[in-house]
Structure formats: C-alpha cells, structure tokens
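> Quick one: sequence and predicted model below, then my questions.
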Amino acid sequence: MEALRLTQFARGGGCACKIPAGELEELVAGLHASGGSGPFSGGEVLVGLDDGDDAAAVRIEGGVVVLSTADFFTPVVDDAYDWGRIAAANALSDIYAMGGTPVMAINLVAWPRELLPMELLREVLRGGLDVAGQAGCPVIGGHSIDGPEPTYGMAVTGTADPERLLRNDAAAPGLPISLTKPLGLGVLNNRHKSTGERSEEAVAVMTTLNRDASRAAVAAGIRAATDVTGFGLLGHLFKMGRASGVAARVDASAVPYVEGAREALSAGNVPGGSRRNLDWVRPHLDVAAGVSENELILLADAQTSGGLLVVGEVPGAPVVGETVPAGSLGDGVVLAVA
C-alpha cells in the first residue's frame, strides 16, 4: 500500500479536473426551467443555476434557508487519508462560501476495486470523516460505485440566515477584495503528481476549513463571496463580477502564494485546467505592461480547497484588489490586473 501512488490512477487531480468553465456554461444553458429563482412546491429558490454560485439555496417554511451542494474529484495527493481530508474540506467549503453552516454530509465514491485495495478507500473515508467532525457535520451514509478511476467527495446540506447569505451576484462597486488562503495549490499538486514531491504547506492549506473566514465575513456584514477552486482566482472573480454587474481590479503583487509555487511553475508543472481558465477569461482582461504570462497563469491556477474570495475586508486576510463600476475599465473588460 505504501508503494501505491494514488495520483497515478487518474488523468487529472483535484479541482483541476473540472469540466472547463466555458464548456460547462454552454452545457447547462437553457436548463433553468426548474433551477432558477422563484417559488416551488418545496420552498422558494433564492439561488439556483442562473449565476453558477457555490451552492443552491432554498427558503423553506419557517424562513430558514437550506443550502445544498456536491463536490468530488480524483486524487490530488498520494496519501489516501489526506486526500479524504482535502475532499471533505473542499465540499464543506461551498456551504461556508454561502455564509452557511453544514448540518449533514453523505459520501460519494467511485473505486476501481480490481486495481486498488479497499483498505485505501477506508483511509479516504476516515480522512473525510475526521474533517467533517472538525466542522461539526455528521457524515450519514452515501453512495459508491465500482469505477475506472478513484473518485471521492461529499454532498453536503447546510443552513443559513436569509438576511446574511453570501452570494456571488451581490458584489457592489467601490469595495476591497479579500482572499483568505494563498494561491499556488494547482501547480504544487501538479508537481506532486509528476514527481512525487509533496508540499506540506499545500496540504495544510487544502485541509483547513473555510469556517472561520466565513463567520468573519458574515459578522462584518459582507454580502458577496465565493470560494476559489477549479476556475482559479481570475475565473471565480470574473464570474462574480459578471453576475453582480461590476468590474474588478487585481493587484498581482498583493496576492499571497504557497511557498514553492513559483518554482513549480518555472519547472513546467502547470495543470491543463489553469491554462484553460486563463484562456476563458483573457478576452475580458486588461493586463498592465509589467504583468507576465506566468503571473497570469498563477492568478488563473486551478485551486483545490482554496480560500474565500470576499468583496469586503475580512480581518487578517490580505486585500488583493477592489471592485469598480461596470464599464469603468473599458468596453467588455471585467477584470484589470496590474
């Protein structure tokens, strides 16, 4: 078991194996008949498919908002227990990105039974259970299949106050943008997959819950947030700006990175998802002369279990930019990077 490298049993890894954002938006276009906002038999849909937010939000009888999300991916690290921890923290993050509290989770598993021992799957599940325990969220069953690649994640249900919900369509101009975890996880995970070199700092970042950052944002009266995962900082900020009808400036020099990220990039360890993210947002970018292509790749780097991107100031988190009125950066430009 110790000789097995889980990352070698899948083409991609972590949130970098997401379907590209542009393809995904084309896929779901027009499929909003039962997924938009408005009243339905089970309650009032507050957040549906319209803007690709982090979780669905439905207000039910009594006024409480129920949040629902699912997230799963192939191995991002070789250690089974750590992969389980990372996947659980990543799935729970969608609830925290909405300003909510997770109340229950169920496991989602695909496992190549003829290739990998079931003891490894037990370690994956144990890791997920331990992180869910830290969140105070019980894991109650789940679903598993025999699949060609190892895949693990969770479907998570949470609750939120409708008056304090964090949304990706609620950003207003003239506010600072905070980032609660450093970037660079994608390139470091790609290096790990390619060479076996492990970044302990990256694992620590990916297994850290976004609970405290979420609570701080809600306490500060912030209304707009999202988490930074497979579409990178630029991709998720673009989605937020487009949904909210605002533009944003990013100060590249203020963005924090996990140690070793730039070295991993220089060595060519770039996930395909990171390049696709940059290609997707590039038509909407205004890039200052001093910003290199490598810097843009890092800003678009596909993160796994990244931090919260918050429109507002979160105590202790670096401010990496600001929102500005739509159209103030130029025709068709949503993001400016300097």
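Nice, I can see it.

> How confident was the prediction at Ala16?
Listed pLDDT for Ala16 reads 61.

> what's the answer for Leu4, then?
pLDDT, read off for Leu4, is 87.

> so what's the closest residue to Glu295 other than its chain neighbours up against?
Ranked by CB to CB, 6 or more residues apart in numbering and with sequence neighbours excluded, the top spatial neighbour of Glu295 is Ala252, at 5.3 Å. In short, each C-beta sits where N, CA and C put it, glycine included. Ala252 makes contact with 291, 295, 299, 337-338 under the criterion CB atoms under 8 Å, 6 or more residues apart in numbering.

> wait, doesn't Val76 sit right on Gly84?
No. If you go by CB atoms under 8 Å, Val76 and Gly84 don't touch, sitting 10.8 Å apart.

> The stretch 101-250 of the chain: strands as residue ranges?
101-111, 139-146, 151-160, 176-179, 224-227, 246-250 (DSSP state E, counting those that start in this stretch).

> Would you tell me which of those strands gets closest to Leu46?
strand 151-160 (9.3 Å; CB to CB).

> Give the buried residues for the closest one.
For strand 151-160, the neighbour count (16 or more other CB atoms under 10 Å) marks 151-158, 160 as buried.

> ok, back up a step: mind putting the strands of the stretch 101-250 of the chain in TSV, distance to Ala317 and mean pLDDT included?
As requested, these are exported to TSV (distance: least, CB to CB, whole Å; pLDDT from 0 to 100):
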stretch	distance to Ala317	mean pLDDT
strand 101-111	20	98
strand 139-146	29	97
strand 151-160	21	98
strand 176-179	4	98
strand 224-227	11	96
strand 246-250	15	98
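
> what's the most buried one of these?
Of the strands of the stretch 101-250 of the chain, the one with the most neighbours on average (mean count of other CB atoms under 10 Å) is strand 224-227, at a mean of 27.

> what packs against it?
Where contact means 3 or more CB pairs under 8 Å, 6 or more residues apart in numbering; DSSP states H and E, strand 224-227 is packed against helix 80-97, helix 232-244, strand 308-311.

> ok, and the closest non-adjacent residue to Leu233?
Leu299 (5.3 Å).

> Equivalent analysis for Thr7, please.
Once flanking residues are discounted, Thr7 sits nearest to Lys193: 4.2 Å by CB to CB, 6+ apart.

> show me what contacts that neighbour?
Lys193 makes contact with 7-8, 13, according to CB under 8 Å, 6+ apart.

> next one: Ala135
Contacts of Ala135 (CB under 8 Å, 6+ apart): 92, 102, 209, 211.

> hmm, 10 Å instead?
Ala135 sits next to 88-89, 92, 95-96, 101-103, 105, 156, 158, 209-211 when contact means CB atoms under 10 Å, 6 or more residues apart in numbering.

> how close does it sit to Val310?
To Val310, Ala135 is 19 Å away according to CB to CB, to the nearest Å.

> Likewise for Thr195?
As for Thr195, its distance to Val310 is 34 Å (criterion: CB to CB).

> Next: Val270.
27 Å.

> what's the answer for Val291, then?
In terms of CB to CB, Val291 sits 23 Å off from Val310.

> Show me what the nearest residue to Pro138 once chain neighbours are set aside bridges to in the sheet.
Using CB to CB, 6+ apart and skipping the chain neighbours, the partner closest in space to Pro138 is Met104 (5.6 Å). Residues in a beta bridge with Met104, per DSSP bridges, are Thr157.

> so who does Met104 touch?
So Met104 contacts 132, 137-141, 154-158 (CB under 10 Å, 6+ apart).

> and the residues you listed as CSV, adding distance to Asp286?
Putting the contacts of Met104 into CSV (distance: CB to CB, whole Å) gives the following:
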residue, distance to Asp286
Ala132, 42
Cys137, 41
Pro138, 47
Val139, 45
Ile140, 48
Gly141, 49
Met154, 38
Ala155, 39
Val156, 37
Thr157, 40
Gly158, 37
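
> Determine which two of those are furthest apart.
Gly141 and Gly158 (17.3 Å).

> Output the below-cut-off pLDDT ranges for the chain.
Counting by pLDDT under 70, the chain contains low-confidence residues at 1-2, 14-16, 25, 27, 30-42.

> And the helices in the stretch 151-300 of the chain, which stretches?
For the stretch 151-300 of the chain, the helices defined by DSSP state H, counting those that start in this stretch occupy 185-195, 200-206, 211-219, 232-244, 261-266, 272-281, 293-299.

> Tell me which of those helices lies nearest to Gly330.
So among these, helix 232-244 is nearest, using CB to CB, at 13.4 Å.
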